[in-house]
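Student: What would the 3D arrangement of this be:
(one chain, ligands or ions: 1)
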Amino acid sequence: MILSDNEVTRFWRDGFLHKAKVIPAQVIDAVAADARRILPADDLRHVNVPTPLGIRVARAMAASVAVARTVTDPCLLTAIGQLVQSSVFVHPRWILRVSMPRVHGRFSMPPHQDFPFTQGALDTITCWIPLHEVPEESSPLMFVARSHQRGLWPIDHTRQRPVCDVSALDRVKWEVVPCAVGDIVLFHSLTVHASRRATDGLSRVSIDARYQATHDHISPVELTPMTDMQDVAVLQRDHGLAQRAADIGLRLRGPVPTDVLDVDLHESRLAERTTPREP
Ligand SMILES: O=C(O)CCC(=O)C(=O)O
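Tutor: Numbering: from 1, shown residues only. Okay, here's the model as predicted:
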C-alpha cells in the first residue's frame, strides 16, 4: 500500500492529495535529461517555449520513454488503484508542461476543472509531477478543497477553453501546494484547481497525466495519444535540436468502455460519484 487509509479518505473528502516521495529521483532525472535534449535550453528553469512551439514540444515530449515510465511508475499506479479501487487505465495523453512566468495576474493556469476537458469517467484522477522543487514562488498548483463535491462549477463562456467563471470563485479559499522532487499531487476531475503565477521569473516544468478505473466510461478523445512523431521531426528541423527517435512507450491498460458522457450530467449521478467514500 502506498497511501494510508487516512490519505485515501482525505483524497475523497478534499478532492486532492499531496503525497511526498513517491517517484524515485532517478526516474525524474531521466525525464529531465530527455526534456533538456528536446527543449531548446540546457536549464529547464530558463526554458523559453512560446506558443505554438509549446504544443510541438508537449507532443514531442510525449514520445519520451522516460516520461512514459514515470506516468506508469508502479508506485503511482498502486496509489491510484487504491483510490479508484480497481485496476487502473492510464490515459495516453500525458503532458510535459512548461509553464512560462507571467507578468500579470494571480494565476499561471486559470481556475478550471479537468472534467469538461476529459469527459468520460467522473472519477478520472490527474497526477501532477514536478521535475524540480516547486516552492510557493515557482507556480505551484492551488486547489479549492471539496469543490469536487459540488459538481460542475460555472464556466466562463467568453473564453476559448472551458475554464471556470472566476466570479463564482470570489469567496473561495485556495490551498497552495508547494512540492519537492519526487512528490506527486493527485486530484479529482471535478476539483477546481489552478496554478499560482510564478514570482521568481523562472519557468516551471511538470508532467500531468490522467487515470481511471479500467471498467469506467472514457471519451474517445482521451484514447488518442498526444504523441506526434512528426512534431519531433519538425522540432529537430526548425530548431536544430538533438536527434530523438524514442519509441512511443505507451502502455495502454484496458479494456475500457468508450462511450461519452455529456458535460450536463444528471445531478444524481454526480452526487453518487462524488460522495466522499469510506476507505
Ligand atoms: O501545471 C499547471 O500549471 C496546471 C496543470 C493542470 O491544471 C492540470 O494538469 O489539469
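
Student: From now on I want contacts and neighbour counts done on CA atoms only, so please keep to that.
Tutor: Noted.

Student: Val27 should be in a helix, yeah?
Tutor: Yes - under DSSP: H, G, I helix; E, B strand; the rest coil, Val27 sits within a helix.

Student: how about the nearest residue to it, chain neighbours excluded?
Tutor: Thr70 (6.3 Å; CA to CA, 6 or more residues apart in numbering).

Student: could you measure the one you found against Glu7, distance?
Tutor: 22 Å (CA to CA, to the nearest Å).

Student: out of the two, which sits in the more crowded spot?
Tutor: A count of neighbours by other CA atoms under 10 Å puts Thr70 above the other of Thr70 and Glu7, at 21 against 18.

Student: Wait, the more buried one touches Ala25, no?
Tutor: No - using CA atoms under 8 Å, Thr70 makes no contact with Ala25, being 10.6 Å away.

Student: for the protein, what are the low-confidence residue spans?
Tutor: For the chain, the stretches flagged by pLDDT under 70 are 40, 51-56, 225-279.

Student: that's a strand at the residue nearest to Val27, yeah?
Tutor: No - the assignment for Thr70, made by three-state DSSP, is helix rather than a strand.

Student: which residues touch it?
Tutor: Contact analysis of Thr70 by CA atoms under 8 Å, 6 or more residues apart in numbering lists Ile23, Val27, Ile28, Val31.

Student: The first one: what's it in contact with?
Tutor: What it means is Ile23. Contacts of Ile23 (CA under 8 Å, 6+ apart): Thr70, Asp73, Cys75, Leu76, Gly182, Asp183, Ile184.

Student: returning to what we had before: ok, the residue nearest to Val27 to Ser206 distance?
Tutor: Remark: distance between Thr70 and Ser206 (CA to CA) = 11 Å.

Student: which other residues reach stretch 133-151?
Tutor: 13-16, 99, 108, 172-181, 188-200, 202-204, 267, 270-271, 274-276.

Student: One more pass at 7 Å, please.
Tutor: 13-15, 108, 172-181, 188, 190-200, 204, 270, 274-275 (CA atoms under 7 Å, 6 or more residues apart in numbering).

Student: just stretch 94-101 next, same as before
Tutor: Stretch 94-101 is touched from outside by 58, 61-62, 197-198, 201-210, 226, with contacts defined as CA under 7 Å, 6+ apart.

Student: now, which of these lie within helices?
Tutor: Among the contacts of stretch 94-101, the members falling in helices (DSSP state H) are Ala58, Met61, Ala62.

Student: Out of those residues, who's the most crowded?
Tutor: Neighbour max across the ones in helices among the contacts of stretch 94-101 (other CA under 10 Å) = Met61, 33 neighbours.

Student: what does the stretch 51-200 of the chain put close to the ligand?
Tutor: Met109, Asp114, Ala194, Ser195 (CA under 6 Å from any ligand atom).

Student: Rebuild these as JSON lines, extending it with secondary structure and neighbour count.
Tutor: JSON lines is the format used below for those (DSSP: H, G, I helix; E, B strand; the rest coil; neighbours: other CA atoms under 10 Å):
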{"residue": "Met109", "secondary structure": "coil", "neighbour count": "16"}
{"residue": "Asp114", "secondary structure": "coil", "neighbour count": "22"}
{"residue": "Ala194", "secondary structure": "strand", "neighbour count": "24"}
{"residue": "Ser195", "secondary structure": "strand", "neighbour count": "21"}
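
Student: picking that back up, filter the contacts of Ile23 down to the buried ones and hand me the ChimeraX line.
Tutor: One line in ChimeraX is enough to select the buried ones among the contacts of Ile23; burial here means 16 or more other CA atoms under 10 Å:
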select :70,75,76,182,183,184
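
Student: which of the contacts of Ile23 lies closest to the ligand?
Tutor: Distances from the ligand to these, taken as CA to the nearest ligand atom, are shortest for Ile184 (11.6 Å).

Student: Tell me which stretches of the stretch 1-150 of the chain form helices.
Tutor: Using DSSP state H, counting those that start in this stretch, the helices found in the stretch 1-150 of the chain span residues 5-14, 25-38, 53-62, 65-71, 74-84, 115-118.

Student: Most tightly packed of the ones you listed?
Tutor: Of all the helices of the stretch 1-150 of the chain, helix 53-62 carries the top mean neighbour count, a mean of 24, counting by mean count of other CA atoms under 10 Å.

Student: before we move on, the earlier item: what do Thr70 and Ala25 both touch?
Tutor: Contacts common to Thr70 and Ala25, judged by CA under 7 Å, 6+ apart, are absent.
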